[in-house]
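A.B. asks: Sequence isn't available, so here's the structure alone:
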C-alpha cells in the first residue's frame, strides 16, 4: 500500500464510485481528453468512455444546468469547476434549480459540484476564491470542506451517494502537499456528512475551523502550548451544511472560549453564523468574546505581499488567541 | 435617569479614596470632563472629571469622607428637557427596586397601533431602572456571572485577573476552592467572609489599643505611610526576595559628569546625574533578560511585559512615591534626564497624575543620594525585581596588570522574585548592566 496525495484520494473516490454505480458520471471543462486541469480525472476517459466522462463547452451554467437535469432523470452527476471561482457563472442553476427542486416537485437532485478553492498560490482575484458562504446561506445545498486525504476520499464518496446537491470544496494548496500523503484503507469507506472531528484536544479555548486553515490553527495551537502553556482544542468542521452542532457545543461548553478561523472574508462568513449560534445557545458558557480570524473584506489581491497580508495564518491566529486567553 | 459618579481607582493598590472637597454644588450644571471634586488617596491627589454632561443632582459622599473604590459618590442627571428643577423628583430613587409595571401594560399583544407606540415609550422608561446590585461589577464574563449565581457568590468580593480586572472562569473557581478550604481554619464562620489573597497584609489589629508609656510618643501614620506599610508587608509575603550585588566602575561617567554637568544644566535647564545612565543600562539588561520585566500572576503564570516602563523611586516629605517613565528604553540619556527632572518636580509639588503613578514594570531606586553604599530594596509589587543604586565612592581598585588605581566605584543591588528567576538569570542581567555602564569612554554623547 502506498501513501497517496489529497488529489489522488479525490481521483480514487470518483473512480471507485463510477465503477460501483453506473449512474455516476463526470462532466466539466477538459475533464476528458486532458484529464482535468489538475489531473483529477487522468485516465478516466480510457476507462469509462466519452459518455461518462464528458468534455463540456466553457459554460458553467451549461455544466451545472445539465447536471441538474441529469440528476432529475436519475443520474448522479459530478460537475467539475476548473476553478471554483467560476461557479458564479452557474449560480442561478444552483440557487434556483438544484437547491429548490425537491421542495417544488418532490424530486431529489443527487449531484456533486466540486473544484479547487482557496488561495495561497498567487492565483489572484479569479483563481483563489473561498465561496462557501454564498451556498452555506442557501437552504437545500450541502457544503463539504475536507482537510485531510482520508476525509477527501471518504467525504467525496458520501457526497456522491447523498441525494441532495452537494458543493464539495477542495483546497488547491492541499492537492499535492507532501505532508498530507497518507495510506488509505483498501476497503470501501465513507466519512459521513455533518460530522466534525476534533483534530487536537485542549481545554483553554476552542478553535472552530475547516479546510486548509485547520493546519494554521494546529500550528498556532502548538506555539500556544509551548510558549503560553495554553491548550487549544482544534475542531475541524468538515461539513458546513449540515453543521455538527453537537460537537461544536460540547467543545465550547468544555473550553468556554471560542476562536473561529476561516480563509474566506469576514463579513457574513461562516464565522458570523457560528458566532450567532453560540451567542444564542451558549451565552452563559462563554468566558470571553467569540472571536473571529478571517480575511479582510476586500477582493482577493494578486500581489504576493498583499496576498500574504490578506490570508489568515498561524501568526494572526496566535495573536487573537492570546488576546482571547487574557480576556 | 441619573448617572452615578463612582470613586475612581487612583493607582493599582489603592482601595479607597477621600473626597478632599467638592468643586461643584448640588444643582450645578457640569460639562463632561469638568472637574467635580478633589480626591485624596494614599498616593496622589487628583481632580475627578465628570463622566457625563448634566446637572449634579445629589452629592452622596461629603468632603473628608473616605469610601471604597467604586462607591457611588454623586448623581448626575442628564437634562431631558422640560422643567429643570423638577428633574430630581421625577427621577426614580436610586437603588429603589420596582417590579416593572410597564411590562404588564404591554402584555395585550392585540392592542392597536396607538398602544404599540405607548408600549415603546414604556420600554424606554423600563430600561432606565437601576441595575441590580449583583450587576454592579462591570467587567465579568457571561460564564463567570452564571457560575457566581449558581454558587451564590457576591461578584464584588471576587478579585478579577482578566484584562482590565475582569472576573472570569478561573477567578470564580479559585474563589470557590479557597472558600472550601477556608472553613477548616475557621469552622465557626463557614464561608461568611473568606479571606482573599489580596487582603491587606497588615498585622491583625490588636484588640487592645496600644497605650504609650510616659517616655514614649505615639504617632498616627499618614495615609501614605499606612499604604507604604501595607505594600511592604504584602511584597515580602508575596515574593521570596533574593538579592544580588555587583560592583561597577563608574570612573568614566563620574569624570564626564564632573566636567559637563554645569554646562548640561545651563544648556537644557535640567540636571543630569548617574540615574539616567543606570536606567539606560537596566533597559539594556531587560532587553537581554526579559524575565526581569515580568510579573508572577495570582494564577501562577509569568507575564512578560513588552514595554519597559521604569518606575523611579522619589522621596517626598510624606514618604516614597514611584512615578513611571513610560518606554524608558526609547530615550537618550538627555531625554531620560528630562523625564526624571519632570517627574521629581511633579512628585515634590504633588502634581503627579494617575497616569504617572501606573503601569511601571521595574523600579530603579537611588539610595546613593543618602550616602548608602549597599542597600537591599523590597520589590514594588507586582514586579519581578528592583535595583537600588548606591553612592559612587573612590576606592583603591586592582586593575589590569595587578596595578592599584583610584577608581569611582558603585554597588548595584538587585532584589528579585525568586519564583520567577534564579541566580543565573539575575547574575546575567547584572553583568549586562555593569558592562553597559563600564562601556562608556571619556567622551559621552548623551543626546
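C.D. replies: On my side now, so go ahead. Source: prediction; values computed, not measured.

A.B. asks: Give me the packing partners of the longest strand along chain B, helices and strands only.
C.D. replies: In chain B, taking DSSP state E as the definition, the longest strand is strand B:404-417. Applying 3 or more C-beta pairs under 8 Å, 6 or more residues apart in numbering or on different chains; DSSP states H and E, one finds that strand B:404-417 makes contact with strand B:241-249, helix B:251-268, strand B:385-389, strand B:393-398, helix B:423-438. Where C-beta positions appear, they are placed from N, C-alpha and C, glycine not excepted.

A.B. asks: Please work out which of the ones you listed is packed deepest.
C.D. replies: Of all the helices and strands packed on strand B:404-417, strand B:385-389 has the most neighbours on average by mean count of other C-beta atoms under 10 Å in any protein chain shown, namely a mean of 27.

A.B. asks: which stretches of the stretch 101-250 of chain A form strands?
C.D. replies: A:112-117, A:142-144, A:166-171, A:197-200, A:205-209, A:232-236, A:239-241 (DSSP state E, counting those that start in this stretch).

A.B. asks: got those as TSV, with mean neighbour count and mean pLDDT columns?
C.D. replies: Shown next, in TSV, are the strands of the stretch 101-250 of chain A (neighbours: other C-beta atoms under 10 Å in any protein chain shown; pLDDT from 0 to 100):
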stretch	mean neighbour count	mean pLDDT
strand A:112-117	27	98
strand A:142-144	26	98
strand A:166-171	27	98
strand A:197-200	16	97
strand A:205-209	29	98
strand A:232-236	26	98
strand A:239-241	23	98
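
A.B. asks: right, and the ones you listed - which one's nearest chain B?
C.D. replies: Smallest distance to chain B across those (C-beta to the nearest C-beta): 11.3 Å, for strand A:205-209.

A.B. asks: Okay, now the sheet partners of the closest one, with direction.
C.D. replies: strand A:232-236 (parallel), strand A:258-265 (parallel) (DSSP bridges).

A.B. asks: Identify the residues contacting that strand?
C.D. replies: A:216-217, A:220-221, A:230, A:232-237, A:248, A:251-252, A:254-262, A:271, A:274, A:288, A:317, A:321, A:324-325 (C-beta atoms under 8 Å, 6 or more residues apart in numbering or on different chains).

A.B. asks: Which among these count as buried?
C.D. replies: Neighbour-count burial (16 or more other C-beta atoms under 10 Å in any protein chain shown) applied to the contacts of strand A:205-209 gives A:216-217, A:220-221, A:230, A:232-237, A:248, A:251-252, A:255-262, A:271, A:274, A:288, A:317, A:321, A:324-325.

A.B. asks: Return the distance of stretch B:64-78 from the chain's centre.
C.D. replies: Computed by C-alpha atoms, centre = their mean, to the nearest Å, the chain-centroid distance of stretch B:64-78 equals 20 Å.

A.B. asks: Name the residues of it that are buried.
C.D. replies: The neighbour-count check on stretch B:64-78 (16+ other C-beta under 10 Å) flags B:67, B:70-77 as buried.

A.B. asks: tell me the least confident of those?
C.D. replies: Checking pLDDT across these, the minimum falls on residue B:70 at 83.

A.B. asks: tell me the phi and psi of that residue?
C.D. replies: As for residue B:70, its main-chain torsions (degrees, to the nearest 10) stand at phi 100, psi -10.

A.B. asks: pretty sure it is in contact with residue B:5, am I right?
C.D. replies: No - between residue B:70 and residue B:5 there is no contact under C-beta atoms under 8 Å: 11.2 Å.

A.B. asks: tell me which of the buried residues of stretch B:64-78 is nearest to chain A?
C.D. replies: residue B:70 (20.9 Å).

A.B. asks: taking the mean pLDDT, what do you get for the helix or strand containing residue B:285?
C.D. replies: Using DSSP states H and E, residue B:285 maps to helix B:274-288. On average, the pLDDT along helix B:274-288 is 96.

A.B. asks: Go through it and flag the buried ones.
C.D. replies: Across helix B:274-288, burial judged by 16+ other C-beta under 10 Å covers B:274-286.

A.B. asks: I'd like those residues as a markdown table, with distance to residue B:364 appended.
C.D. replies: What follows is the buried residues of helix B:274-288, written out as a markdown table (distance: C-beta to C-beta, whole Å):
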| residue | distance to residue B:364 |
| --- | --- |
| B:274 | 10 |
| B:275 | 7 |
| B:276 | 10 |
| B:277 | 11 |
| B:278 | 6 |
| B:279 | 6 |
| B:280 | 10 |
| B:281 | 10 |
| B:282 | 6 |
| B:283 | 10 |
| B:284 | 13 |
| B:285 | 11 |
| B:286 | 11 |
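
A.B. asks: Domain parsing of the chain, as residue ranges.
C.D. replies: All of this is about chain A. A:6-180, A:197-326 (automatic domain parsing).

A.B. asks: My question was about chain B, not that one.
C.D. replies: Split into domains by automatic domain parsing, chain B comes to B:2-95, B:135-183, B:240-438.

A.B. asks: who in chain A is up against chain B?
C.D. replies: For chain A, the contact set with chain B under C-beta under 8 Å from any C-beta of the partner chain comprises A:229, A:256, A:283-288, A:326-327.

A.B. asks: make it 10 Å
C.D. replies: By C-beta under 10 Å from any C-beta of the partner chain, the residues of chain A that approach chain B are A:204, A:228-230, A:253, A:255-257, A:279, A:282-289, A:323-327.

A.B. asks: interface residues of chain B facing chain A?
C.D. replies: B:139-147, B:149-150, B:161-164, B:166-172, B:300-303.

A.B. asks: quick revisit: need the helices and strands packed on strand B:404-417 in CSV (columns: mean pLDDT).
C.D. replies: Output for these, formatted as CSV (pLDDT from 0 to 100):
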stretch, mean pLDDT
strand B:241-249, 96
helix B:251-268, 94
strand B:385-389, 96
strand B:393-398, 94
helix B:423-438, 95
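
A.B. asks: want to throw these into TSV with distance to residue A:86?
C.D. replies: Below are the helices and strands packed on strand B:404-417 laid out as TSV (distance: least, C-beta to C-beta, whole Å):
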stretch	distance to residue A:86
strand B:241-249	68
helix B:251-268	69
strand B:385-389	62
strand B:393-398	81
helix B:423-438	59
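
A.B. asks: which one of those lies closest to residue A:243?
C.D. replies: helix B:423-438 (49.3 Å; C-beta to C-beta).

A.B. asks: Give me the helices and strands touching the closest one, please.
C.D. replies: Packing partners of helix B:423-438 (3 or more C-beta pairs under 10 Å, 6 or more residues apart in numbering or on different chains; DSSP states H and E): strand B:241-249, helix B:251-268, helix B:274-288, strand B:385-389, strand B:404-417.
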